[in-house]
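**Q** based on what follows, work out the 3D shape:
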Amino acid sequence: MHSSNYIEAMAAFSKRPSDLLQSSGTTIIPVDSRRGRGLVSQYLIGHHCLLFIDPNLTPQTKALESNTKTLSTAQFRHWATQYNAKHHGSGKEFMLGNPPAPATEPRLVPLDGTAQTTKDLVTTLHEACQPDDVDAAEFDVDDLDPTLVGWVADGALIALAGGRPWDARPGLQDIGVLVHPEHRGKRAGTKVVGRVIEELMAKGEIPLYRCDDDNLGSAAIARNAGFQQAGSVQAVTLPNSGADEL
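**A** Here you go, the predicted structure:
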């Protein structure tokens, strides 16, 4: 089930038929909003590769397209190296396989992201965490997720997880999670994500979990919460394009 949901979402995202994404091959998709930015993103979905590119890079990428051969991660990086491209990072994308057992921890509670008390709790949690962890979790205090669950103990957040609609993939709810440094390695992240999954599924929503390749702790939370890897993504910028970030 997790693979079919992901393929359908990526088919809608890429405006390509889902049958194409279930076959071997490499498809190049020029994206007009990337024009002049030099940005190329690779998505590996099962046996298929999608390359979203700056249209100005059509000549450089044309040889990568194939109806039968799927461009691997290593091959993409080799191609990028030939152009002295800047690598922006890589990540994993997970879809739910087997839902976790219902959460039984009584301190896991739904939170109202519009309430000042919730914002204060999240602000305090942010202050306890490293900036990189806060950025990865993507919890904006002024625009908190509509589905939000916290593990609250002694008036403070041990862990926070949320889900919000992702404009890039219609129909999917992107999950974020942030755990207080003193409570990591104790499955707090897994439990709070599990409760968010329950909340989302009760609304008929489809959860998606993303993390950077080097964030091993986040990947462990995903797998422990019942997610299975459905795809991978990496992005590069070719030089002299005036682009410094994704």
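**Q** all strands of the protein, in order?
**A** Using DSSP state E, the strands of the chain run over residues 25-30, 39-45, 48-53, 86-96, 108-110, 147-153, 156-165, 172-179, 206-212, 227-237.
**Q** which of those strands sits closest to Glu199?
**A** Among these, the nearest to Glu199 by CB to CB is strand 147-153 (5.1 Å). Just so you know, the C-beta spots here come from the backbone N, C-alpha and C atoms, and that holds for glycine as well.
**Q** residue contacts, the nearest residue to Glu138 once chain neighbours are set aside?
**A** In space, Glu138 comes closest to Gly176 once its chain neighbours are excluded; the distance is 4.9 Å by CB to CB, 6 or more residues apart in numbering. Gly176 makes contact with 136-139, 145, 161-164, according to CB atoms under 8 Å, 6 or more residues apart in numbering.
**Q** if you set the cut-off to 7 Å instead, what comes out?
**A** 137-139, 145, 161-162 (CB atoms under 7 Å, 6 or more residues apart in numbering).
**Q** same check on Glu65?
**A** Per CB under 7 Å, 6+ apart, neighbours of Glu65: 26-28.
**Q** can you put those in a markdown table and add neighbour count and pLDDT?
**A** Shown next, in a markdown table, are the contacts of Glu65 (neighbours: other CB atoms under 10 Å; pLDDT from 0 to 100):
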| residue | neighbour count | pLDDT |
| --- | --- | --- |
| Thr26 | 22 | 98 |
| Thr27 | 20 | 98 |
| Ile28 | 18 | 98 |
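**Q** from these, pick the one nearest Asp213.
**A** Nearest member of these to Asp213, counting by CB to CB, is Thr26, at 20.6 Å.
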